[in-house]
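1. Predicted coordinates and the sequence they were generated for:
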Amino acid sequence: MNYFQTNFNDLKDELETQLKTCKKFSEGLFLDISRGKPSQAQLDLSSALLDVGHKNLENNIPDVRNYGNLEGIPEAQKLMAILIGCQQEDVIIGGNSSLSLMFDVISCFFIHGIDGNPWCNQKIKFLCPSPGYDRHFSICEYFGIEMIPIKVNDDGPDIERIKNLVKNDQNIKGIWCVPKYSNPSGIIYSDHVVKELANLSPAASDFRIFWDNAYSVHDLMEPSDLFDIFYEISKNQKNELVIAFSSMSKVTFAGSGISALACRGKNLELLKKYYSFKTIGFDKINQLRHVKFFGKDKNFKQNLKLHMRKHAEILRPKFNLVHEVLEFNFKNNPIISWSKPGGGYFICVNTFGSAKRVVDLCAENGLKLTPAGVMFPYGIDLEDSTIRIAPSYSSLEELKKALEIFCACVKISALEKLLKMRR
């Protein structure tokens, strides 16, 4: 049924039908599809990590039980360089969270600056491709950074607007980027966008691209390539433009993986100095576990690829189920559209200007979604349209129930709006 072509009385009848559907599926229900948590089956893929001993791989690696190795053990640097797409010498290994590393970098720049001028003494602005990762925006809010929303197109953020803004405003110090399977849209930045970003000429000499490549190996189908931004900044002699981040959080254990950042020049010098005061070194035993789990340097790429293929086999049926249910419910009813990403952890749904109402209705019926608006700076979705679905954690049976509730709530919100408009 196309709601836009349906008469008033039939819309009222349809509303009653969808209210009954909600009641039917929601009794005693509590399901959560709000965040991209790996399922137990995915976590079980890495259980062998718990049985890996601490003994060193080679004689030239120091005893991982002791102090030292601030940047991480060399083999772990090689492993994380594969995920990030950079050279081993660019890498600093952190704890289990790349988000913590992002917070650390901003904190370091606020205290010390990059060129000797601390950001805490300046009015700082960041460009924020939207919809985007809500925790990036939370970091900005914590530090009082002014956020400028940037529209995300099918090939990445609006590069012409970015170029114009950074060229003319020296208070713009950074941009958040999730370049592959962006959260939540699932798009991959085109070669053109990556090349243009790598060749920016910002007014601020301390402008940096925060390259959060969280889903670099998280393909659902065949692997999709992302253009190499580190190659491009080297070619353009702009080696200090990018600070990249990645982690094993959705590769091995979400709460016990390893994370890393990668950068060059004064960025690397400053951050090594910053961490030398903060820690003697992160968890090297866990770094060694990961190195052994993925089979040492010569086997890293192949074993990582095989491991992520197992993740895809678990995730793919869940993503397919979302597409099937949405297609069945909305094939001839254009009140929503949704993304069909080739990887990552999210499906982005665009509603008929009723995202908040859908989220509230779902909550009333036992289904938790990501709060509407949080994927935009300051929690403001001007079109009130974007909803993020995270299908990874639930079983297929649970996900099917969640989707039935979701579809009914989308229909109810649209029907309410249309009936109100036609009164």
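-> On my side now, so go ahead. Numbering: from 1, shown residues only.
2. Which pLDDT value does the model give residue 57?
-> We have a pLDDT of 60 for residue 57.
3. Ramachandran coordinates for the nearest residue to residue 201 once chain neighbours are set aside?
-> Distance criterion Cβ to Cβ, 6 or more residues apart in numbering; nearest residue to residue 201, sequence neighbours excluded, is residue 167 at 6.2 Å. To be clear about C-beta, it is placed using only N, CA and C from the backbone, and glycine gets the same treatment. Backbone torsions of residue 167, given as degrees, to the nearest 10, read phi -70, psi -30.
4. Please, where are all the strands along this protein?
-> In the chain, the strands defined using DSSP state E lie at 31-32, 91-93, 125-130, 146-153, 156-157, 172-177, 208-212, 242-247, 259-262, 337-338, 347-350, 367-368, 386-389.
5. which secondary structure elements does the last one contact?
-> Using 3 or more Cβ pairs under 8 Å, 6 or more residues apart in numbering; DSSP states H and E as the contact test, the elements touching strand 386-389 are strand 347-350, helix 355-364.
6. Give me the mean pLDDT for it.
-> 97.
7. contacting residues around it?
-> 33-34, 131, 183-184, 322, 338, 346-351, 355, 358-359, 369-370, 372, 375-376, 406 (Cβ atoms under 8 Å, 6 or more residues apart in numbering).
8. One more: the longest one?
-> Contacts of strand 146-153 with the rest of the structure, by Cβ under 8 Å, 6+ apart, involve 123-132, 137, 140-141, 157-158, 161-162, 165, 171-172, 175, 182, 185, 187, 376-378.
9. List only those of those residues flagged as buried.
-> When neighbours are counted using 16 or more other Cβ atoms under 10 Å, the contacts of strand 146-153 contain these buried positions: 124-132, 137, 140, 157-158, 162, 165, 172, 175, 182, 185, 187, 376-377.
10. right, and the strands of the chain - which one's nearest residue 301?
-> strand 242-247 (14.7 Å; Cβ to Cβ).
11. Please give me every residue in contact with the closest residue to residue 326 other than its chain neighbours.
-> Of all residues not flanking residue 326 in the chain, residue 338 sits nearest, at 5.6 Å (Cβ to Cβ, 6+ apart). Each residue near residue 338 by Cβ under 8 Å, 6+ apart is listed here: 322, 323, 326, 347, 348, 349, 350, 389.
12. so how far is residue 24 from the third one?
-> I take that to be residue 326. Distance, residue 326 to residue 24, by Cβ to Cβ, to the nearest Å: 19 Å.
13. about what we covered before: ok, the residue nearest to residue 201 touching residue 204?
-> No. Between residue 167 and residue 204 there is no contact under Cβ atoms under 8 Å: 10.1 Å.
14. The two - which one has more neighbours?
-> More crowded of residue 167 and residue 204, by other Cβ atoms under 10 Å: residue 204, with 18 against 13.
15. nearest spatial neighbour of that one, skipping sequence neighbours?
-> residue 170 (4.5 Å).
16. ok so, going back, please dump the strands of the chain into a markdown table; it should also carry distance to residue 104 for every row.
-> Shown next, in a markdown table, are the strands of the chain (distance: least, Cβ to Cβ, whole Å):
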| stretch | distance to residue 104 |
| --- | --- |
| strand 31-32 | 29 |
| strand 91-93 | 10 |
| strand 125-130 | 16 |
| strand 146-153 | 20 |
| strand 156-157 | 24 |
| strand 172-177 | 14 |
| strand 208-212 | 12 |
| strand 242-247 | 10 |
| strand 259-262 | 8 |
| strand 337-338 | 35 |
| strand 347-350 | 29 |
| strand 367-368 | 30 |
| strand 386-389 | 26 |
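17. of those strands, which approaches residue 18 most closely?
-> strand 367-368 (14.3 Å).
18. List the strands paired with the closest one, with their directions.
-> strand 31-32 (parallel) (DSSP bridges).
19. What average pLDDT does the partner strand get?
-> 93.
20. Contacts for it next, please.
-> Contacts for strand 31-32 (Cβ under 8 Å, 6+ apart): 366, 367, 368, 393, 394, 398, 401, 402, 405.
21. what do you get if the cut-off is 10 Å, keeping everything else the same?
-> Residues outside strand 31-32 that contact it (Cβ atoms under 10 Å, 6 or more residues apart in numbering): 362, 365-370, 390, 393-395, 398-399, 401-403, 405-406.
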